[in-house]
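Q: The following block contains a protein sequence and its predicted model.
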Amino acid sequence: MFSNVWSSAPSSDDGGKSQLTGSQREQIAREHKRMEGIEKPEQDVSRKPELATGRPPGDNRTAEQIINDNPILKNLGHQKDINRPLAYKLLGDWTSNNKDPQARADAAFNAARVLNYIDTSLSADGKHRGKAHGNGDLEGITRSGDARHGTPAGMWKDFTEQGYSALREHHRLDSTSDTHVKADGTNKDNLQWASGEAGKRTWFIPGLSNILLGIGDADQGLVGALKGAKDGFDKTRADGFDQALESAAQGDIWGVLKGYASAVKKNEATPELVKTVLNKAGS
């Protein structure tokens, strides 16, 4: 199956429609059939987009209307890894440079459909991304214009280079080893990154480690950092610190050790080998 009907033919005033093969037209017709009864079908993310279809019959919105209906497209930047020239080849040009209003509107529809699918992706491990989910912001672009892998921006970059095969059937972001990327697919600022890395290295001090990890996973800014630190401290208390503190007040050294061991075992940064040893020691 071809991945993109618009990129299979040179650009033309009608968006390349006149150069489509019969099978390509049939594919588009099937996709349009599935869109029937949906008010704004470019916002339907229940199925992975397979090809650039343009607007379905009866959708007479202009490019400007479609752009305004879809914040993720309206907010799309011009940074290096947004790869607009490649995107225009795949989807059509939805900017004022395209003098054909119908082709421009179809291109806006195609772009919004892909961007909405990416913007509503789950995290790499299949979890809802909270405030980052469907927020109209293509997260993951650095100040230098690079798109980090494992972020929505990274998936968009891959799409512009690889076509529709870069989109995932399971509707998840790609996994990444980039320590600057949070679990929700957003970038960490320098404070978050440094705190998270320090939290990983201080796993044997669970109180400090959890506070630092909490800051690393928090929203950017001072308010987010303070909330993350509190969340980390509360986690430490629940994981065993309160037990250790109560035991210390009673002079129960064994209880203190058990509370400490519990907090270490439940720390996400603790090496698996250490967790295994502690589990065996406690059994």
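A: On my side now, so go ahead.
Q: Quick check: which ranges of this protein have low pLDDT?
A: Regions of the chain meeting the criterion pLDDT under 70 cover residues 1-19, 189-197, 225, 282-283.
Q: Which residue ranges make up the domains of it?
A: Residue ranges for each domain of the chain read 6-166, 190-282, as given by automatic domain parsing.
Q: which element is residue 115 on?
A: Using DSSP states H and E, the element containing residue 115 is helix 101-119.
Q: on that earlier part again, for the domains of the chain, give me CSV that also has distance to residue 173 and mean neighbour count.
A: All C-beta atoms are positioned from the backbone trio N, CA, C, and that covers glycine. Converted to CSV, the domains of the chain look like this (distance: least, Cβ to Cβ, whole Å; neighbours: other Cβ atoms under 10 Å):
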stretch, distance to residue 173, mean neighbour count
domain 6-166, 5, 18
domain 190-282, 16, 17
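Q: Does residue 230 touch residue 215 like I think?
A: No - counting by Cβ atoms under 8 Å, residue 230 does not reach residue 215; the two are 9.9 Å apart.
Q: Which is the succeeding secondary structure element to the helix holding residue 115?
A: helix 152-162.
Q: Tell me what angle that next one forms with helix 101-119.
A: 130 degrees (axes from the mean of the first three to the mean of the last three Cα atoms, to 10 degrees).
Q: so what's residue 175 closest to, chain neighbours aside?
A: residue 124 (4.1 Å; Cβ to Cβ, 6 or more residues apart in numbering).
Q: list the contacts for the one you found?
A: Listed by Cβ atoms under 8 Å, 6 or more residues apart in numbering, the contact set of residue 124 reads 150, 172-176, 183, 185.
Q: what's the spacing between it and residue 168?
A: 10 Å (Cβ to Cβ, to the nearest Å).
Q: swap in residue 177?
A: Taken as Cβ to Cβ, the span from residue 177 to residue 168 is 18 Å.
Q: One more: residue 215?
A: 30 Å.
Q: what's the answer for residue 51, then?
A: 16 Å.
Q: in the protein, what residue sits furthest out from the centroid?
A: For the chain, the residue at maximal distance from the C-alpha centroid (Cα atoms, centre = their mean) is residue 251, at 49.0 Å.
Q: Does that residue lie in a helix or a strand, and which?
A: Counting by DSSP H and E, residue 251 is part of no helix or strand.
Q: what's near enough to touch residue 74?
A: Neighbours of residue 74 in contact, by Cβ under 8 Å, 6+ apart: 67-68, 136.
Q: how does it look with 10 Å?
A: Applying Cβ atoms under 10 Å, 6 or more residues apart in numbering to residue 74 gives the contacts 64, 66-68, 108, 112, 115, 136.
Q: okay but residue 229 is in contact with residue 209, surely?
A: No - between residue 229 and residue 209 there is no contact under Cβ atoms under 10 Å: 11.8 Å.
Q: Check the contact between residue 80 and residue 143; I expect there is one.
A: No - when contacts are counted by Cβ under 10 Å, residue 80 is not listed as touching residue 143 (11.2 Å).
Q: Distance from the chain centre to stretch 205-216, please.
A: 24 Å (Cα atoms, centre = their mean, to the nearest Å).
Q: no wait, stretch 140-150
A: Worked out by Cα atoms, centre = their mean, stretch 140-150 lies 12 Å from the chain centre.
Q: Could you work out the end-to-end span of that stretch for me?
A: With Cα to Cα, to the nearest Å as the measure, stretch 140-150 spans 8 Å from end to end.
Q: Helices of this protein, residue ranges please.
A: 22-34, 63-69, 71-74, 84-91, 101-119, 152-162, 190-201, 206-217, 222-236, 242-249, 253-265, 272-282 (DSSP state H).
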